[in-house]
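Q: coordinates only, no sequence provided:
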């Protein structure tokens with residue numbers, strides 16, 4: 001499947017506008033492309049009980065999984081607060097969990113340029129049972 005990285009990043013940017021981040025003031029949006037071609041978006045949602053906070057990437061992936069889609073092809077991550085915004089460790093593991101036969105492309109943006117990396121750059125030894 002041909003991946004439109006710009007479209008995916010634009011959807012991540014739009015999703016970042018819905019971030020609920022009153023504590024960290026660090027908004028993040030994500031868009032995930034699934035193997036069936038559908039795109040799901042998510043944003044980080046904080047909670048005063050910090051352990052209940054969810055990152056944008058997991059929000060988007062969990063939305064997809066809750067609708068029966070379990071194979072992620074690409075993940076775009078955007079924050080208006082940081083150039084080249086990387087996924088946290090928990091998100092890396094969740095992304096690895098829902099990676100199918102093809103390695104996930106992770107798209108970030110730095111100084112207006114899209115950067116595409118492989119999932120193995122972020123989690124070289126992912127855990128799966």
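A: Noted; the coordinates are in hand. For clarity, every value in this text was computed on a predicted model and none was experimentally measured.
Q: show the contacting residues for the residue most central in space within the chain.
A: Note on the chain: the residue nearest the mean C-alpha position is residue 57, at 3.2 Å, using CA atoms, centre = their mean. By CB atoms under 8 Å, 6 or more residues apart in numbering, residue 57 lies in contact with 28, 30, 32, 42, 75, 77, 87, 91, 94-95. (Each C-beta comes from the backbone N, C-alpha and C, glycine too.)
Q: tell me who's in contact with residue 33.
A: 3, 8, 39, 72-75.
Q: would you map the helices across the chain?
A: 5-16, 56-66, 89-97, 119-122 (DSSP state H).
Q: which of the ones you listed sits most buried?
A: helix 56-66 (a mean of 22; mean count of other CB atoms under 10 Å).
Q: same question for stretch 17-36, mean pLDDT?
A: Averaging pLDDT along stretch 17-36 gives 97.
Q: straight-line length of it, end to end?
A: Taking CA to CA, to the nearest Å, stretch 17-36 runs 26 Å from one end to the other.
Q: okay, buried residues for it please.
A: Buried residues in stretch 17-36, defined by neighbour count with 16 or more other CB atoms under 10 Å: 19, 21, 27-34.
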